[in-house]
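Student: Can you look at this prediction? I've put the sequence above it.
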Amino acid sequence: MSTNRHPVTGAPRAPFDWLDEQAGLRADAGLVRTLRPRPADAGGLLDLASNDYLGLTRHPEVTEGAAAAARRWGGGATGSRLVTGSTELHAELERELADFCGFEAALVFSSGYAANLAAVTALAPHGSLIVSDAGNHASLIDGCRLARAATQVVPHSDPDAVRKTLAAHDGREGPAVLVSDSVFSVDGDAAPLAELVHACREFGAGLIIDDAHASVASAPGGRGAPHAAGLAGAADTVVTLTLSKSLGSQGGAVLGPAKVIDHLVNAARTFIFDTGLAPAAAGAALAALRLLRREPERAARARQVAAELHRRLTAEGLSAVRPDAAVRLRARPGTGGGRALGRRLPGRGPSGRLLPPAIGAGRHFAAAADRRRGPHRRPDRRRRTSDQPHRTPLTAVSGGCRRTSPRGRGRRAGRAPRWFESRTASRRAVAPEWSVSSVAVSTQLFIPLLRLLRRHRAP
């Protein structure tokens with residue numbers, strides 16, 4: 001007998017009535033996400049929200065590269081990469097990406113998210129171990145969930161914890177791989193790559209580095225953090241990156257040894273079963289890459305402006321993370337204060353939106369759902385993984401959710417799932433950290449911005 005009935009009238013509920021309760025809980029917590037189309041012309045405003053780190057999205061060479069590719073190859077890839085979705089343009093982009101970043105080979109994906117899912121799932125087979133930093137991006141976490149390997153989450157940027165976890169792994173069961181961002185997407189701090197690779201080599205583990213939030217903008221010459229750390233071309237290192245940030249286009253890529261790339265072509269589901277990257281995006285990324293080869297000072301300029309913004313923010317008494325890549329302003333205006341600030345900024349010079357970051361907020365509300373299981377942990381209770389070295393899950397809005405059985409166990413009939421209720425209740429008690437990332441190219445609007453931020457700063 002179905003239990004999905006109204007508790008008073010006994011009438012059957014519609015299958016998605018529970019979404020209304022979820023929407024109400026989000027609204028009560030002030031955490032409703034909305035879409036707001038941006039204008040084509042920013043009107044001279046200072047952009048504090050986009051990830052166009054080097055300002056190449058509207059560069060004439062980049063837009064012409066996109067237009068020329070669309071005229072020649074069409075508006076879409078027409079199929080998956082293994083069918084009709086690979087063009088000479090894709091191959092050319094892959095060759096130049098690999099050469100520029102110092103790796104043997106590269107493989108382009110339709111997004112950076114798809115590239116991360118491919119690398120983690122294809123390089124962590126059954127019986128292997130994934131060691132994942134607690135501050136990793138959601139795409140890496142989802143890759144850990146989907147992989148057939150066991151996953152252990154280690155404290156953020158802690159090489160000693162990585163070393164202890166690898167030492168406890170029995171290599172006879174399968175290989176081990178460490179997964180980490182090079183620059184973390186919320187706090188903006190850089191991973192200790194030199195120490196991490198040393199720990200991996202000590203125990204024969206592979207290293208997967210997500211360079212999306214560093215990529216071109218964070219390293220000398222614009223070749224990425226792994227290149228700066230001397231890891232380019234290493235046989236034990238795989239790097240993922242995005243084409244949608246520093247290169248001003250869209251898409252993602254995996255760089256590494258040729259045998260790794262060949263394995264991804266044959267085993268990565270987000271490559272095999274996904275339509276290829278649109279030619280226009282490939283053309284734009286290739287044009288931006290060639291532009292950066294000629295003008296490597298663009299990356300240095302972005303770092304200089306980030307450092308200057310950080311200096312001015314901290315001089316005004318605001319909290320800002322050290323600019324390893326883009327500056328991360330971390331004020332705590334609370335939900336109402338953040339909304340008010342977001343409404344006032346566009347009329348005063350800065351452009352963009354202030355939102356509580358998904359990962360930052362998840363540190364609080366995911367922990368309330370089930371402290372035994374972190375966001376990396378698979379919801380399926382039938383598959384066991386190793387115990388986590390630390391118990392506090394740190395990201396992913398769906399972390400710790402319960403799987404509902406065919407009989408309805410794990411969720412009260414007709415109600416929002418418990419994991420959502422507990423997270424949202426926890427959110428109410430925590431003022432979210434509002435984050436602004438910027439590599440702005442102008443300093444003229446810093447002072448008006450600082451005045452506004454100080455006015456809305458939490459006491």
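Tutor: Noted; the coordinates are in hand. Numbering: from 1, shown residues only.
Student: switch to C-alpha atoms for all contacts and neighbour counts from now on
Tutor: OK.
Student: ok, now which ones touch Arg95?
Tutor: 105-106 (Cα atoms under 8 Å, 6 or more residues apart in numbering).
Student: Where does it sit, in terms of helix or strand?
Tutor: Using DSSP states H and E, Arg95 sits in helix 88-101.
Student: which residues are in contact with the very next helix or strand once past that helix?
Tutor: Next helix or strand after helix 88-101 toward the C-terminus (DSSP H and E): strand 105-109. Applying Cα under 8 Å, 6+ apart, the contact partners of strand 105-109 are 90, 94-95, 97-99, 115, 251-258, 261, 271, 276-277.
Student: all strands of the stretch 201-350 of the chain, in order?
Tutor: Along the stretch 201-350 of the chain, counting by DSSP state E, counting those that start in this stretch, strands occupy 206-210, 237-242, 252-256, 320-321, 327-331, 350-351.
Student: who does the third one pair up with?
Tutor: The sheet places strand 252-256 alongside strand 105-109 (antiparallel), strand 237-242 (antiparallel), with pairing taken from DSSP bridges.
Student: Quick check: which of those strands is nearest to His156?
Tutor: strand 237-242 (19.1 Å; Cα to Cα).
Student: if I look at Val183, how far off is Gly135?
Tutor: Val183 sits 10 Å away from Gly135, taking Cα to Cα, to the nearest Å as the criterion.
Student: same deal with Lys245?
Tutor: Look at Lys245 and Gly135: by Cα to Cα, they are 20 Å apart.
Student: just checking, Thr63 is part of a strand?
Tutor: No - under DSSP: H, G, I helix; E, B strand; the rest coil, Thr63 falls outside any strand and is assigned helix.
Student: Pretty sure it sits against Ala70.
Tutor: No - when contacts are counted by Cα atoms under 8 Å, Thr63 is not listed as touching Ala70 (10.7 Å).
Student: Of the two, which one has the most company?
Tutor: Using other Cα atoms under 10 Å, the more surrounded residue of Thr63 and Ala70 is Thr63, with 22 against 19.
Student: wait, doesn't Ala267 sit right on Ala122?
Tutor: Yes - the criterion here is Cα under 8 Å, and Ala267 meets it with Ala122 at 6.1 Å.
Student: Have a look at those two and say which one is more surrounded.
Tutor: A direct count of neighbours by other Cα under 10 Å for Ala267 and Ala122 places Ala122 higher, at 22 against 16.
Student: any idea of the pLDDT on the residue lying closest to His263 once chain neighbours are set aside?
Tutor: Nearest non-adjacent residue to His263, counting by Cα to Cα, 6 or more residues apart in numbering: Ala122, 7.7 Å away. Note on Ala122: pLDDT of 98.
Student: now do His213
Tutor: pLDDT for His213: 84.
Student: Show the end-to-end separation of stretch 23-35, please.
Tutor: This stretch, stretch 23-35, spans 15 Å end to end (Cα to Cα).
Student: pLDDT averaged over it, what's the number?
Tutor: The predicted model assigns stretch 23-35 a mean pLDDT of 90.
Student: before we move on, what about stretch 230-237?
Tutor: 96.
Student: Also stretch 86-99?
Tutor: Taken as a whole, stretch 86-99 has an average pLDDT of 98.
Student: For that stretch, buried residues please.
Tutor: Of the residues in stretch 86-99, 86, 89-90, 93-99 count as buried by neighbour count, 16 or more other Cα atoms under 10 Å.
Student: Stretch 157-169 too?
Tutor: Of the residues in stretch 157-169, 157, 159, 161-163, 165-166, 169 count as buried by neighbour count, 16+ other Cα under 10 Å.
Student: Other residues contacting that stretch?
Tutor: Residues outside stretch 157-169 that contact it (Cα under 8 Å, 6+ apart) are 129, 131, 133, 152, 154-155, 176, 191-192, 195-196, 199-200, 203, 205, 389.
Student: The same query, at a cut-off of 7 Å, please.
Tutor: Contact partners of stretch 157-169, identified using Cα atoms under 7 Å, 6 or more residues apart in numbering, comprise 133, 154-155, 191-192, 195-196, 199, 203.
Student: same check, this time on stretch 245-254
Tutor: Stretch 245-254 is contacted by residues 51-54, 56-57, 106-112, 115, 215-217, 239-244, 277, 281, 284-285, 288-289 when judged by Cα under 7 Å, 6+ apart.
Student: Narrow those to those that are buried.
Tutor: Those of those that meet the buried threshold are 51-54, 56-57, 106-112, 115, 215-217, 239-244, 277, 281, 284-285, 288-289, by 16+ other Cα under 10 Å.
Student: Could you check how far Thr240 is from Leu56?
Tutor: 20 Å.
Student: which residues does the closest residue to His227 other than its chain neighbours contact?
Tutor: For His227, ignoring the flanking residues on the chain, the nearest one in space by Cα to Cα, 6+ apart is Cys101 at 6.5 Å. The contact partners of Cys101, by Cα under 7 Å, 6+ apart, come to 223-224, 227, 232.
Student: Give me the residues contacting the helix or strand Ala66 falls within.
Tutor: Element membership for Ala66, per DSSP H and E: helix 60-73. Contact with helix 60-73 is made by 56, 279-281, 283-284, 287-288, as judged by Cα under 7 Å, 6+ apart.
Student: What residues sit buried inside that helix?
Tutor: Those buried within helix 60-73 under the rule 16+ other Cα under 10 Å are 61-70, 73.
Student: buried sites along stretch 258-271?
Tutor: The neighbour-count check on stretch 258-271 (16+ other Cα under 10 Å) flags 260-261, 264-265, 267-268, 270-271 as buried.
Student: The lengthiest helix in the chain - what's its average pLDDT?
Tutor: Across the chain, the longest stretch assigned as helix under DSSP state H is helix 297-315. Mean pLDDT, helix 297-315: 81.
Student: Now do it: which elements does it pack against?
Tutor: Counting contacts by 3 or more Cα pairs under 7 Å, 6 or more residues apart in numbering; DSSP states H and E, helix 297-315 is packed against strand 320-321.
Student: again, only this time at 8 Å
Tutor: Contact here means 3 or more Cα pairs under 8 Å, 6 or more residues apart in numbering; DSSP states H and E; on that basis helix 297-315 packs against strand 320-321, strand 327-331, helix 446-455.
Student: where's Leu247 relative to Ala299, distance?
Tutor: Separation of Leu247 from Ala299 (Cα to Cα) stands at 11 Å.
Student: Asn116 now?
Tutor: With Cα to Cα as the criterion, Asn116 and Ala299 are 24 Å apart.
Student: same deal with Ala282?
Tutor: Taking Cα to Cα as the measure, Ala282 falls 21 Å from Ala299.
Student: These two: which has the busier surroundings?
Tutor: Between Ala282 and Ala299, Ala282 has the larger neighbour count (other Cα under 10 Å), namely 31 against 22.
Student: Setting aside sequence neighbours, what's the nearest residue to the more buried one?
Tutor: Leaving aside its chain neighbours, Ala282 sits nearest to His90 (6.4 Å; criterion: Cα to Cα, 6+ apart).
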